[in-house]
Structures are given as C-alpha cells and as structure tokens.
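*Asks:* please find the sequence and the predicted model below.
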Amino acid sequence: PAAAATAAADNGSARASEDNAAEPDAADEEVSPDELRSPICCILGHVDTGKTKLQDYIRRTKVQEGEAGGITQQIGATFIPIEALREQTKALTKEASQLKVPGLLVIDTPGHESFSNLRSRGSSLCDIAVLVVDIMHGLEPQTLESLELLRMRKTPFVVALNKIDRLYGWRSQQGSPLQAALERQERPVRNEYDKRVNEAIAAFAGQGLNANLYYKHKSIKDYRSVVSIVPTSAITGEGVPDLLFLLVQLTQRLMSERLLYMKSLQCTVLEVKVIEGLGTTLDVILVNGVLHEGDTIVVCGLGGPIVTHIRALLTPQPLREMRIKGQYVHHKEIKAAMGVKICATDLDKAIAGSSLLVARNDDEVEEMKAEVMKDLDNMNAKVASDGRGVYVQASTLGSLEALLEFLKQMKIPVAAINIGPVNKRDVMRASVMLEKSPEHAVILAFDVKVTKDAADQAEEAGVRIFTADIIYHLFDQFTKYIGDLKAARKSETASEAVFPCRLRIYPEHIFNKRDPIVLGVEVLEGTLRMRTPICVPSKEFCDLGRITSIESNHKALEVAKTGMSVAIKIENDQGQEQLKAFGRHFDDKDELVSKISRQSIDVLKESFREELTKEDIKLLAKLKQQFRIQ
C-alpha cells in the first residue's frame, strides 16, 4: 500500500496556468524547486455525506456541532502543518522526507447545491479537491453538480468514498490505513464493500469518468488518467491516512511547478466578518507572496474601491478552523499559502470573492482601484434593472452571493441588497413593491436578526419577512410562499380562465336539445374543461352557456383532451331570454369552440401558463384571429 500511495495522484491533468489568469508565471521569478508552498485543497459533495466530519477527524475538533443544522454555512480554511500530516500518515510510510510541502491548507466549502458560486470561488483557488461520496447512497444531485464544477475548472480531484463504518458488520480500527482495516473484516463485509465500490465505479463511468480504487493503480499514468477512489470513515478515521498521503503526493509529484513558492502576491477575500473586539475583518486565502502588517491594501467594496492599511494579521492556532472563535496568533508578516484574518479600518463594505491587492505607491493605488472594481460588475448584474423584485439581506457577502445566484437560477428578480440586521429602513425600501409588484414585497433575511421595530413595521405595511440560518430552508419558505400565492391567484381567477378547444357534434348523440343542452362530441383540438364557456362561431359567435358536466362511459371527468369522445352538458348562464336550442340556433354541422377573450387569455398566461400545451398555444393563436382579439 505504501508504494501505491507514494505515487498517489488523481484524475490526471495537473492544471495548466491558463485555468487561473491571476496565477503568476513561474518563469517570471527566481524560484527554488525545494521551496514549495502548501497545496490548497477543497472539499465538495452532497449534503450529509460527511465533508465537515472528515475534516474534523483530521483536525480532531468539533466544528460541525457548532454549525446550524450540522451543515457548513461559510467557507473556512484550516492549515494542517507538516508535523500533523507526518503523524497521521506514519502508518503508511516510514519515509517522512517524502513529504516536502510545509503543510496542507483545506478550504471547507459549503456543500449545498445553492452555494455554487461559493464553491466556484473555492474551486478556482484550489490545487486539488476531495469529492466526498456516501458509500451507501452513491452519486447524489449535488455530487453531480460538484463534478461539473470540477470539470469546468479543470481541477484534479480524489473521491473519498465515505461512511465505510456503516457497512453491516464492519469492525472499526481507529485511524487505520485502509488495507490494514480491510484485512480485519469478515468475508461477507468484504463482499459488501466490493459491491458498493463497484457500484460507485459504475456510477462514475455513467458520468464519463474512469475511476478505480487508488491502491489498484499500476503506474503513475493511472494516477493521471483514472479518478482515484479512497474509501474512508470520518467517524473512525479508517482510510484517512491514505487520503492525506494521496493528496500530498499527488500535488508534490504531479504539480510541483504549480506549488513552487512565488513572491508575486495572489490573495482572495473569502469572507467579510464582524468579530467582537476586532470590528470588520477579512478572511483571506493567501495563495502566493507575503503580507506584512502596515501594507496598503485595495479591495472591492459595495460603495466603491476600499483602500486601507493592514492593522493586524491573525491566524488561528494550528489545527483550528478560521470560522470558529478562539485565540488568534498575531504576525508581523505571513507567507503563502495560508488562511489569514486581516484587521483594518473601513472594511465594512468589502466584498467577499474580491481579489486583495497590495499597493507599493500612490500610482499603483489608482490602477488597483480600477482593477478590483471589475469584481463588482457581476454582483450588480444580478439586481433587476426595472426595480421590481425581492429585497435580499444576509450576514455576509458570501451568503448574499449564494442567495443571488439561487434567485437568478429560479428567475426570481432582486430589487435591492443589503448586509446586516433587518431594520425599519429595510422594510420601508421593500414596501415600495406593494404598489409595483405585491408578490415581491418580501425580505429574504439569511442568518441575520430582525429588529422588533422592523417586524412591527412589516406586519403593519404588509411586507413578508422570511428568516433562516440554513440557506436552503430560506429557499423552501420562499418557494412555498410563491406556490401558495400562485394557488390563491389560480383559485381566484379559475372562473375567468378559458382553455381553448374545438368540438365536433355527433348527430346521432343529441340527448337534450335545450337548456340544459346535452350532446355527444369529439374534442378535435385543445383541452375541454368544466365551466368552459361555449359558442358557435359560424352563427355569429352565438353563446350557448357553460360546460357543467363531462362524461365518458358514464364516468364524470374534469378534463377531456384532443381525440376523446365525451358527452357534455351545457347550461345557460345568460338569463331566460338568451336560451339557445339545438336545431333552432345551431345544428350538427356547426363546430363548437370555447369562447375566449382578451381577459381570459391574460389570466391563462399569468396563472395557468404551465398547464398550457404547445397545441393549446397554437389553437389559442388561431382562435385569437377568429375572434379578432388584439
């Protein structure tokens, strides 16, 4: 196993530098092949596959239990020093010198599918990713989305086939290398293991990816062309040494040029956070270069570029995660790669995802201001230009970006955005929608408090505030609200909605000639529904009344579709003087059609659009011309 792990790498393609335009070129600087920076690793996967628990096991802390719903909500970064890596992988190899990197920097990206832009931000930074897959459930919706993301970014990745401890009869051995753990299992357990692994391999093949257990690779070429699968348990730690060793060896052996330490600064803001006693801080990932206390930095802000000076550079204690409050270590300077918290003034409007640039003189400051503001264009593009839409509020810009991305996918317009607690001013801004577009008079508040004044004002004004500290719960609430609104609107306008249809009368099936008229008909085109008003175009659009019964073989129906033969009852709803009779006002040579109007068409489009078939829409267009509706 040690020999196989030594060559460990995955899915080939160590990424070319064009995958990240901001990446400095090694040829431009003097670099030492012995001076490597820490590889940056991202963890992706479906909800509840064990992403955070896997990281917890490596870190030996309990971050996930401090998170809402046990699901990671913001990007965090953990630096795992080389000593910890050597300790964890000592059972695999005695050659500690094989590990040349200073450590491993893990970005724990949120795992829910609506966080795609946070993950995109994470993946664009990382050298290698771990895709966590539940061995019991295989590839789930978000696993597939993560795969697309990794392919798009051309990011090499390994698969952690997690939860092997859930296999029935599994005998756990804390922190054991995988193959040693397998040797302890009974034959039925190993059979189940083989079956589940083969199912995962088949599932990846279905996605066009060649995958195999990492220890079955025969040569270094296999590591480049085949996705490496490492079965793991985040609870008991089996397979975790294999995973760590694989990650480090992959990056060292196949991406040594990419890991060469460079002096050119490459730094990205991951999160903007208000920390008690420190004010507004930036959590950044320093990929290359050095940051110094006192440096002049330029970042993108909501109100324009922010130019400020670094007051303090902080890192968490080694083996701790950046999002968890704890004792920070102060530094005069920090060298890449590292997750760093920056304290400085005027950071409250800084935007997560922005590049962080360091200016050496005033001329550079002006250039850099223009450079960083390019990042904001993407945010502004997500706010509706016509001013109609919901009001979105979040605790951090990372969360806000994820919300905006989801709303864009759902085609829900956003009129305004804000950061921080919801107050009266926010409710007043959202209440503007009550006149413009009442269904959008809504505030979506993610992970923020609502002041009592704001709640009272919202109730009085008729503005709905939805709050949640797990982002997809917020989506569920809003989706239900919109669904309820649509259902209510449908119910209110059902009597005005007229679906298009053409009917042919069967002359041998005239059951009653006058009110109620009962006939046998064939639906030639469209959809015949209860309460549809019927008229005779060939007799000056003579009104017959509304459909009050549809039957087929003595069974009552609500709807009859094209090609069906049914008996219908038409009752007059125009008063006694308007009574029409078969044989006197129309006969079997006349075609019957639903009586549409401008108003009925508008109601169909607004509330029943998803129920209209392509044939319905074509027939509607023909009837519009026949009825001369503009």
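*Replies:* The structure has been received and is ready for your questions. Values in this document were obtained by computation on a predicted structure and should not be read as measured data. Numbers count the residues shown, from 1 in each chain.
*Asks:* which other helices and strands does whichever strand or helix holds His473 contact?
*Replies:* Assigned by DSSP states H and E, His473 belongs to helix 471-493. Counting contacts by 3 or more CB pairs under 8 Å, 6 or more residues apart in numbering; DSSP states H and E, helix 471-493 packs against helix 397-409, strand 442-446, strand 464-468, helix 598-607. (Each C-beta comes from the backbone N, C-alpha and C, glycine too.)
*Asks:* so for the very next helix or strand once past that helix, mean pLDDT?
*Replies:* Using DSSP H and E, the helix or strand that directly follows helix 471-493 along the chain is strand 501-512. On average, the pLDDT along strand 501-512 is 92.
*Asks:* all strands in the stretch 101-250 of the chain, in order from the N-terminus.
*Replies:* 103-108, 128-134, 157-162, 211-213, 227-231 (DSSP state E, counting those that start in this stretch).
*Asks:* nearest to Ala180, out of those strands?
*Replies:* Evaluated over these, closeness to Ala180 peaks at strand 227-231, with 12.6 Å, by CB to CB.
*Asks:* what about stretch 273-281, average pLDDT?
*Replies:* For stretch 273-281, the per-residue pLDDT averages 86.
*Asks:* name the residues of it that come out as buried.
*Replies:* For stretch 273-281, the neighbour count (16 or more other CB atoms under 10 Å) marks 273, 280-281 as buried.
*Asks:* chain center to that stretch, what's the gap?
*Replies:* 28 Å (CA atoms, centre = their mean, to the nearest Å).
*Asks:* distance from the helix holding His473 to the middle of the chain?
*Replies:* Distance, stretch centre to chain centre, for helix 471-493: 20 Å (CA atoms, centre = their mean).
*Asks:* angle of it against strand 464-468?
*Replies:* Orientation check (axes from the mean of the first three to the mean of the last three CA atoms, to 10 degrees): helix 471-493 against strand 464-468 gives 150 degrees.
*Asks:* could you say which helix or strand contains Thr251?
*Replies:* helix 240-254.
*Asks:* which other helices and strands contact that helix?
*Replies:* With 3+ CB pairs under 8 Å, 6+ apart as the test, helix 240-254 has helix 2-6, helix 51-59, helix 82-89, strand 103-108, strand 128-134, strand 157-162, helix 220-225, strand 227-231 packed against it.
*Asks:* reformat the helices and strands packed on helix 471-493 as JSON lines; add mean neighbour count, mean pLDDT and distance to Lys622.
*Replies:* JSON lines is the format used below for the helices and strands packed on helix 471-493 (neighbours: other CB atoms under 10 Å; pLDDT from 0 to 100; distance: least, CB to CB, whole Å):
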{"stretch": "helix 397-409", "mean neighbour count": "22", "mean pLDDT": "72", "distance to Lys622": "35"}
{"stretch": "strand 442-446", "mean neighbour count": "25", "mean pLDDT": "91", "distance to Lys622": "39"}
{"stretch": "strand 464-468", "mean neighbour count": "18", "mean pLDDT": "91", "distance to Lys622": "41"}
{"stretch": "helix 598-607", "mean neighbour count": "17", "mean pLDDT": "87", "distance to Lys622": "13"}
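*Asks:* I'd like those laid out as TSV, including distance to Gly239.
*Replies:* Shown next, in TSV, are these (distance: least, CB to CB, whole Å):
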stretch	distance to Gly239
helix 397-409	31
strand 442-446	35
strand 464-468	35
helix 598-607	54
